[in-house]
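Trainee: Next come a sequence and a model predicted from it.
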Amino acid sequence: MSVLPSPTPDLDQLAQSIKTWGAELGFADVRIADVDLAHLEAGLQAWLDAGHHGEMDYMASHGMKRARPAELVPGTVRAISARMDYLPMGADGADADWRARERLRQQDPDAAVVSLYARGRDYHKVLRNRLQALAEKVRAAIGDYGYRVFTDSAPVMELPLAEKAGLGWRGKHTLLLSRDAGSTFFIGEILVDLPLPVDPPTGAHCGQCSACISACPTGAILAPGRLDARRCISYLTIELKGSIPEEFRPLIGNRIYGCDDCQLACPWNKFAQRSALADFDERNGLGAAGLVELFGWEEEEFNRRFEGSPIRRIGHERWLRNLAVGLGNAVAKAADPVIVAALRARARHSSSMVREHVAWALARHGVTET
C-alpha cells in the first residue's frame, strides 16, 4: 500500500463524505472499523480443527491471515464496511408477508425454492463495482492512497469487521443482524491505509430468542453462534461438490439452492428492507418456478438463463442433483406420473452423481429403475 498523500486530508470530514457517497451508490449503511481481530483467532482455529467448514478448503488454506487484514493487505489500518439490502422490490419488506409467502412455497410439493438472495443478479459483481466506485471517489477527493475492495472474495472475516463497525451484531445463526434491516443484506468492505475515525459497535439484541436454532431443518446451528456447515442446507446445495449424504436429503425438502429458514424464523426480519437496486429483482421466474420445469433445463439453457447469476457457479450437474432431491421429497404427490416421468428422463444421465440422486428420488416414489 502507498503512504498517505500530502497534505494529510481532514479524516473526520472524509469519513462523513464516504458515508454520503456510499448512500448515493445504493448502500443502506456505511461504517468504519479498526482491523484488530486477534480475539477471534482461537475460535476460528477451533472451528477449523472441528472440521465444521466441510469441503470449503479455502476457509483453512490461508491460516490465521483471515483474521489479520494487515497481513493480507500490508498497511491496512481500517475497514470501510458497507451494507446493501437485497429483499426484492416485488417482496413486501414492510411486514412479515414475504416470510409467510416463502413458508407457503416450502409446503408446496411442486415448488422449487431458491434462496431469496440468489434470485437476482450476482451480488459479488454488484457490490464489488459499487465499492470500487466508492474507493475511487475517495481517491478523487484526496489523491492516491492504499486500498483493496472485497466482497466475499478473499480470506477476510467480513462479518466480524462489519460487527466492529456497528453495522449490526452476530445473531445466534451466525448471520449479521441489524435492528433496522434484519439480516436480508449483503456486506462488503474496502481495506484502507487511512486512519479514519471508527464507529462504535452496536450491542447484541437476540436476548433469549432461539427461533433460528429451532427452525434449522438439519440442526446445523449447534449452539448460539456455532454452525456446522456440513449440516447446513446452503452448504449442501451450493458448496458441496459431491453427493449429498442420504441422511440429509429428506430434510432438504424442496430447497434447491440455499436455505432461508433461519432468516424466516428471525423476528428481526420483520424490519427487512427492500433493495434500492433493481439488480436483486427476481429473474427467470424463480419466485414461482416448479421443480419439474427447472429439472427439464438442459445445460445450454441453464447457462444462458443464469448468466450473471450466483447460481451458475454450481454448474448444471449440481443443479440437477439438487432438483432430484427436491423431486424425491415431493412425497405428498407420491408416484405422480409427471414427477416420475421427469426423473426417468434423467435416469441415464452421463453424470453418476445425477443418476444416483435420480435413483434415490424414484425409490422415494416407489419406483425402481433397472
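Mentor: Thanks, I have the structure now.
Trainee: give me every residue that touches the closest residue to Pro69 other than its chain neighbours.
Mentor: Excluding its sequence neighbours, the residue lying closest to Pro69 (C-beta to C-beta, 6 or more residues apart in numbering) is Val35, at 4.2 Å. In short, each C-beta sits where N, CA and C put it, glycine included. Shown in contact with Val35 (C-beta atoms under 8 Å, 6 or more residues apart in numbering): 69-70, 76-79, 161, 191.
Trainee: Could I have the buried ones of the residues you listed as PyMOL selection syntax?
Mentor: PyMOL command restricting the contacts of Val35 to the buried ones, with burial defined by 16 or more other C-beta atoms under 10 Å:
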select buried, resi 69+70+76+77+78+79+161+191
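Trainee: Let me see the ranges of the strands in the stretch 101-250 of the chain.
Mentor: Per DSSP state E, counting those that start in this stretch, the stretch 101-250 of the chain carries strands over the ranges 113-114, 147-150, 169-170, 176-177, 185-192, 221-223, 226-227.
Trainee: ok, now which ones touch the spatially most central residue of the chain?
Mentor: Centroid-nearest residue in the chain: Tyr117, 6.7 Å away (criterion: C-alpha atoms, centre = their mean). For Tyr117, the contact set (C-beta under 8 Å, 6+ apart) comprises 86, 123, 184, 186, 258, 280, 310.
Trainee: Let me know the closest of those residues to Leu48.
Mentor: Gly258 (22.9 Å; C-beta to C-beta).
Trainee: For Ala23, see how far away Met84 is.
Mentor: Note on Met84: its distance to Ala23, by C-beta to C-beta, to the nearest Å, is 11 Å.
Trainee: Between the two, which is the more surrounded one?
Mentor: Met84 (26 against 14; other C-beta atoms under 10 Å).
Trainee: Tell me the bridge partners for that one.
Mentor: Counting by DSSP bridges, Met84 is bridged to Phe186.
Trainee: That one against Thr184, yeah?
Mentor: No: here Met84 lies out of contact with Thr184, judged by C-beta atoms under 8 Å, at a distance of 10.3 Å.
Trainee: Stretch 88-101: end-to-end distance?
Mentor: Taking C-alpha to C-alpha, to the nearest Å as the measure, stretch 88-101 stretches 13 Å from start to finish.
Trainee: likewise stretch 244-253?
Mentor: Start-to-end, stretch 244-253 (C-alpha to C-alpha) is 13 Å.
Trainee: what's in contact with it?
Mentor: So stretch 244-253 is contacted by 106, 113, 217-218, 231, 233, 236-237, 321-322, 325-326, 328-329, 357, 360 (C-beta under 8 Å, 6+ apart).
Trainee: Sort out for me which of these are in helices.
Mentor: Residues of those located in helices (DSSP state H): 106, 233, 321-322, 325-326, 328, 357, 360.
Trainee: What is the nearest of these to Ile339?
Mentor: The closest of the ones in helices among the contacts of stretch 244-253, once distances to Ile339 are taken by C-beta to C-beta, is Gly328, at 8.9 Å.
Trainee: list the contacts for the closest one?
Mentor: Contacts of Gly328 by C-beta under 8 Å, 6+ apart are 249, 343, 357, 360-365.
Trainee: out of those residues, which is most surrounded?
Mentor: The most crowded member of those is His357, carrying 28 neighbours; neighbours defined as other C-beta under 10 Å.
Trainee: contacting residues around that one?
Mentor: For His357, the contact set (C-beta under 8 Å, 6+ apart) comprises 243-244, 249, 320-321, 324-325, 328.
Trainee: I'd like to know which of the contacts of Val35 are part of helices.
Mentor: Per DSSP H, the subset of the contacts of Val35 in helices is 69-70, 161.
Trainee: thinking again about what came up before, next, format the contacts of Gly328 as TSV and append pLDDT and distance to Glu299.
Mentor: What follows is these, written out as TSV (pLDDT from 0 to 100; distance: C-beta to C-beta, whole Å):
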residue	pLDDT	distance to Glu299
Arg249	98	23
Leu343	97	18
His357	98	16
Trp360	97	22
Ala361	97	20
Leu362	96	22
Ala363	95	26
Arg364	95	25
His365	95	25
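Trainee: Which of the residues you listed sits closest to Leu175?
Mentor: Lowest distance from Leu175 to the contacts of Gly328 (C-beta to C-beta) belongs to Arg249, with 24.6 Å.
Trainee: who touches Gly171 in this structure?
Mentor: 177, 183, 206, 212, 266, 268.
Trainee: now for those residues, which pair is the farthest apart?
Mentor: So, the contacts of Gly171 by C-beta to C-beta: farthest apart are Ser183 and Cys206, at 11.3 Å.
Trainee: joint contacts of the two?
Mentor: The contact sets of Ser183 and Cys206 overlap at 171, 177 (C-beta under 8 Å, 6+ apart).
Trainee: Ile256 should be in a helix, yeah?
Mentor: No: judged by DSSP: H, G, I helix; E, B strand; the rest coil, Ile256 forms no part of a helix; its state is strand.
Trainee: Just want to check the distance between it and Thr237.
Mentor: 6 Å.
Trainee: next one: Asn303
Mentor: 18 Å.
Trainee: so where does Ser81 fall, helix or strand?
Mentor: For Ser81, the enclosing helix or strand under DSSP states H and E is strand 78-85.
Trainee: Can I get that strand in PDB? Just the C-alpha atoms.
Mentor: Extracted in PDB, the C-alpha atoms of strand 78-85 (Å, rounded to 0.1, in the frame of the first residue of the first chain):
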ATOM      1  CA  ARG A  78      -9.200   0.500   8.700                       C
ATOM      2  CA  ALA A  79     -12.100  -1.300   7.100                       C
ATOM      3  CA  ILE A  80     -14.800   0.600   5.400                       C
ATOM      4  CA  SER A  81     -17.800  -1.800   5.800                       C
ATOM      5  CA  ALA A  82     -20.900  -1.400   3.700                       C
ATOM      6  CA  ARG A  83     -24.400  -2.900   3.800                       C
ATOM      7  CA  MET A  84     -26.600  -3.400   0.800                       C
ATOM      8  CA  ASP A  85     -30.200  -4.700   1.200                       C
END
